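In: Okay, sequence plus prediction incoming.
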Amino acid sequence: MAPPTLPNTAPIPSPPPSSVKELTNSTSLGSVPPQYAIRNPETTMDIEPIIEEEIPTVDFSLLTEGTPEQRSQVVRHLGKACEEWGCFMVVNHGIPERLMEAMLISLKEFFDQTEEEKGEYTGKHVMDPIRCGTSFNLTVEDVRYWRDYLKVFVHPIFYSPAKPPRFRLFRLWASWLRETSKEYAESTRAMGMELLRGIWESLGLEEDDMTKALDLHSCFQILVCNIYPPCPQPELAIGLPAHSDHGLLTILLQNGVSGLQVKRRGSWVRVEPLPNSFLVNTGDHMEIVSNGRYKSVLHRAEVNSQSTRLSIASVVAPSLDTIVEPASQLVSDEHPMMFRGMRYGEYVEHQQANRLKTKSAMDPVRLHAK
Ligand SMILES: O=C(O)CCC(=O)C(=O)O
Ligand SMILES: [Fe+2]
């Protein structure tokens with residue numbers, strides 16, 4: 001006999017909000033909805049201590065305009081920061097403060113659009129050149145991160161969301177948005193190239209060899225823009241979990257609200273944004289190219305209950321068609337090859353299509369178990 005069919009009494013779930021912005025705009029939230037409650041503070045918090053420590057600072061002007069002695073000193077310092085920290089603050093970088101502010105303002109304007117307006121940029125594929133969304137990758141996650149994003153490819157082909165926020169009819173505004181992000185992408189790319197030059201030098205590598213091997217004239221660059229609205233229970237949620245970035249270097253601009261933490265020697269170090277500075281961190285491809293000498297740094301973004309945090313990560317990387325391998329000069333009997341070659345575009349696609357989980361994106365290219 002066929003089992004009796006039970007009436008379906010399960011409540012029909014309301015559709016999840018399409019962004020954290022929408023969630024926090026719509027109601028005065030007193031608690032975090034279950035799909036964002038990623039941790040139980042009683043069991044999982046503070047297993048790894050959170051500490052205050054000073055992050056190394058690099059004076060960029062000495063790299064470009066210093067005496068040969070000053071430059072050598074900065075290069076050594078840069079190498080040490082990459083080796084011991086995987087990140088450093090850059091000051092005296094020469095990028096105008098008005099450009100940094102304009103970028104943050106235009107980003108805020110972008111996220112302030114209606115869900116419908118932003119929906120025009122909802123990515124269908126992880127390699128879409130303009131992609132707006134929430135969390136990291138909803139198709140593979142069972143919990144959500146307290147973060148909305150806009151990711152835009154800016155080199156070798158420059159893209160920009162064409163529709164200006166709310167001022168659709170004002171072509172002037174649209175071109176301002178476009179010009180701002182173009183200038184910003186160019187400035188941070190030039191800064192990234194200069195830092196890479198110093199980093200290659202610190203590794204004893206020739207700049208020309210590296211530019212050619214990584215096809216840096218056609219380097220891939222993406223702007224990853226993040227917004228973390230205030231969260232009613234910041235101890236339960238996270239903006240972005242512990243992860244490393246896929247590129248060579250990430251150049252991060254923040255709006256003065258702290259939240260970023262980097263992992264060092266088993267502890268989380270809070271990064272307090274210095275005014276008019278950038279935080280630069282090493283990505284997985286720095287680790288691959290340097291054959292494990294300069295490891296990509298694990299980092300995460302915490303949220304808070306008071307202020308909206310904005311960050312813009314400008315990622316500088318090999319060209320998408322380059323098959324990246326460790327530099328042969330850094331491979332020897334003593335330092336065997338640690339990674340196999342993979343096309344950079346394939347790596348990015350694989351990283352973006354999977355869960356963001358510590359450094360798991362590197363597993364397919366590792367030649368030896370960790
Ligand atoms: O918001 C931050 O400070 C970090 C952002 C980040 O790690 C990323 O976009 O990959
Ligand atoms: Fe990151």
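Out: Sure thing, it's come through. Residues are numbered from 1 along each chain as shown. Ligands and ions are numbered 1, 2, ... in the order given.

In: wait, residue 269 sits on residue 53?
Out: Yes: using Cβ atoms under 8 Å, residue 269 makes contact with residue 53 at a distance of 4.9 Å. Placement of C-beta: from N, CA and C, glycine included.

In: ok, those two, which is more surrounded?
Out: For residue 269 versus residue 53, the count of surrounding residues by other Cβ atoms under 10 Å is larger for residue 269: 22 against 12.

In: In a strand, the more buried one, correct?
Out: Yes: counting by DSSP: H, G, I helix; E, B strand; the rest coil, residue 269 falls inside a strand.

In: Point me to the helix or strand that includes the nearest residue to residue 314 once chain neighbours are set aside.
Out: Spatial nearest neighbour of residue 314, excluding adjacent residues (Cβ to Cβ, 6 or more residues apart in numbering): residue 188 at 4.0 Å. Taking DSSP states H and E as the definition, residue 188 sits inside helix 171-202.

In: In the very next helix or strand once past that helix, which residues are buried?
Out: With elements assigned by DSSP H and E, the helix or strand that comes after helix 171-202 is helix 207-213. Neighbour-count burial for helix 207-213 flags 210-211, 213 (criterion: 16 or more other Cβ atoms under 10 Å).

In: I'd like the next helix or strand past helix 207-213.
Out: Sequence-wise, the next helix or strand downstream of helix 207-213 (DSSP H and E) is strand 220-228.

In: elements contacting that next one?
Out: Packing partners of strand 220-228 (3 or more Cβ pairs under 8 Å, 6 or more residues apart in numbering; DSSP states H and E): helix 20-26, helix 97-111, strand 148-155, helix 171-202, strand 309-317, helix 344-353.

In: and the stretch 151-300 of the chain, which residues reach ligand 1?
Out: By Cβ under 6 Å from any ligand atom, the residues of the stretch 151-300 of the chain that approach ligand 1 are 224, 226, 240, 245, 252, 259-260, 299.

In: Spatially, which two of those are the most separated?
Out: 245 and 259 (16.1 Å; Cβ to Cβ).

In: can you give me phi and psi for residue 69?
Out: phi -70, psi -40 (degrees, to the nearest 10).

In: Report the mean per-residue pLDDT for stretch 71-85.
Out: Stretch 71-85 carries an average pLDDT of 98.

In: buried sites along it?
Out: Of the residues in stretch 71-85, those buried (16+ other Cβ under 10 Å) are 71, 74-75, 77-79, 81-82, 85.

In: between those residues, which is nearest ligand 1?
Out: For the buried residues of stretch 71-85, the closest approach to ligand 1 (Cβ to the nearest ligand atom) belongs to residue 85, at 15.4 Å.
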